[in-house]
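Asks: could you work out the structure for the sequence below:
(one chain, ligands or ions: 1)
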Amino acid sequence: MTHTLDRLAATIASRKGADPDSSWTAKLLAKGPEKCAEKFGEEAVEAIIAAAKNDRANLTYEAADVLYHLLVMLAARDVDLADVLAELDRREGTSGLDEKAARKG
Ligand SMILES: N=c1c2ncn([C@@H]3O[C@H](COP(=O)(O)OP(=O)(O)OP(=O)(O)O)[C@@H](O)[C@H]3O)c2ncn1[C@@H]1O[C@H](COP(=O)(O)O)[C@@H](O)[C@H]1O
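Replies: Prediction:
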């Protein structure tokens, strides 16, 4: 699964600075990080609606859109997927309750 995300992140990275007419990703990135974040939010809302309706087929489809747009948003702000995965690795083995307490300080 990580390999799929790694491949997709690499494809998205390759679209940075590419001709916007050459790919949808290049066109979205050319619109800037704020637009990429907005698109991520739109896709997240569509996934939320599918989940709330218990529409599992659509939730699967929308979740794929969410992951793609998350990677585009990260690329737009030069955040590496590897760093996000490292943060998840860091949390592995700790309780979610501990993580919540740590955030509260
Ligand atoms: N996974 C995706 C992916 N998921 C969603 N999308 C695009 O994201 C858009 C989201 O749909 P919307 O209806 O919200 O967007 P829209 O209406 O077309 O655009 P707006 O008018 O709303 O701005 C669609 O146009 C999809 O084509 C994706 N585009 C690309 N990929 C992957 O990225 C790779 C590179 O794509 P290109 O950059 O197009 O070569 C592809 O091979 C895929 O693997």
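Asks: from what I can see Gly32 touches Arg77, true?
Replies: No. Assessed by CB atoms under 8 Å, Gly32 is found out of contact with Arg77, at 10.4 Å. For the C-beta atoms, the positions are set from N, CA and C on the backbone; glycine is no exception.
Asks: where do the contact lists of the two overlap?
Replies: Here Gly32 and Arg77 have no joint contacts, going by CB atoms under 8 Å, 6 or more residues apart in numbering.
Asks: what strand or helix carries Thr60?
Replies: helix 56-76 (DSSP states H and E).
Asks: quick check: residues of this protein near the ligand?
Replies: Leu8, Thr11, Arg15, Ser23, Trp24, Thr25, Ala26, Asp65, Tyr68 (CB under 6 Å from any ligand atom).
Asks: most neighbours among the residues you listed, which one is it?
Replies: Per-residue neighbour counts (other CB atoms under 10 Å) across the residues of the chain next to the ligand peak at Thr25, which has 22 neighbours.
Asks: follow-up on the earlier one: for the helix holding Thr60, buried residues please.
Replies: Neighbour counts using 16 or more other CB atoms under 10 Å place 59, 62-63, 65-66, 68-76 of helix 56-76 among the buried residues.
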